[in-house]
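Engineer: model this:
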Amino acid sequence: MTSVEPGLLAHHFEDLDQQHAAASLGMWIFLGTELMVFSGLFLAYAVYRTLYPDAFAAGSNQLNVWYGGVNTLVLLTSSLTMALAVHAAQIGRQRDLVLYLVLTAALGTAFLVIKGFEYHEDYEQRLVPRLAFDDEEWRANSPEIERRPPERLQASNPHEAQMFPERVQLFFMCYYIMTGLHALHLIIGIVILVIQAVLAGRGWFPPAYYAPVEIAGLYWHFVDVVWIFLLPLLYLIGGHAVG
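Structural biologist: Numbering: from 1, shown residues only. Model prediction:
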């Protein structure tokens, strides 16, 4: 068995390769459970979107697609820097490893800052269910309301018009739950990367022991992929107008 530095190999593994394989398998199993969580949310969203297409399209059209687009570019760039961090760890370039880990964490933080501005704008526009939301305005704009002379509203389907604001709020509940859960996962990833950057600066990840960085990369890429699904589901349905 190849000798390794003390502390790198846990006592219950024969060598670093076995330890690496076990750690990778553990992360893939964990990501499988995370996938089931998000799949459940996606399924619920798909069912409600099918039931209430007009309300969900109306809610989506109130979101600022520029925020979503910029954040997508930020996360795609962070995937690149994360991949470069893993490569740097594999070939033993510790300074590059620290740099790319810090850059990835910084890009993740930039995503959260942009998302924070977007949430604030949503609040200012009264798009937050139960907290800042104007039912009457949405009811007046319901597709079930027909505008007829003499300048008054007439409900072609009073029940549907009455329920329209509730269904729009359902869209925004899905939006905040899914993007909020994604943001929570991103925060966890940022914390992991910052810790790894500090440890990498102390030389904890030689080429023979790059597995922790690679596993963190798997988690980070999963978070990025989830956002790639969230973008079209939330921002681009119903013929969203840019700008």
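
Engineer: skipping its backbone neighbours, what lies nearest the residue positioned nearest the centre of the chain in space?
Structural biologist: In the chain, the residue lying closest to the centroid (CA atoms, centre = their mean) is His182, at 3.5 Å. The spatially closest residue to His182, leaving aside those adjacent along the chain, is Val226, at 5.6 Å (CB to CB, 6 or more residues apart in numbering). (Each C-beta comes from the backbone N, C-alpha and C, glycine too.)

Engineer: pretty sure that neighbour is touching Leu41, no?
Structural biologist: No. The criterion here is CB atoms under 8 Å, and Val226 misses it with Leu41 at 9.8 Å.

Engineer: neighbour-wise, which of these two wins?
Structural biologist: Val226 (22 against 17; other CB atoms under 10 Å).

Engineer: check which helix or strand covers the more buried one.
Structural biologist: Taking DSSP states H and E as the criterion, Val226 maps to helix 211-230.

Engineer: wait, isn't the residue nearest to the centre of the chain in contact with Phe222?
Structural biologist: No. Applying CB under 8 Å as the test, His182 and Phe222 come out as separate, 10.6 Å apart.

Engineer: going along the chain, name the strands of this structure.
Structural biologist: Using DSSP state E, the strands found in the chain span residues 127-128, 132-133, 145-148, 152-155.

Engineer: note down every partner strand of the first one and its orientation.
Structural biologist: Pointing back at strand 127-128 there. Here strand 127-128 is paired, per DSSP bridges, with strand 132-133 (antiparallel).

Engineer: residues making contact with the strand it pairs with?
Structural biologist: Strand 132-133 has contacts (CB atoms under 8 Å, 6 or more residues apart in numbering) with 123, 126-127, 165, 169, 172.

Engineer: where does the chain dip in pLDDT?
Structural biologist: Residue ranges of the chain with pLDDT under 70: 1-17, 19-20, 139-161, 238-243.

Engineer: what's the single longest helix in it?
Structural biologist: As assigned by DSSP state H, the longest helix anywhere in the chain is helix 158-201.
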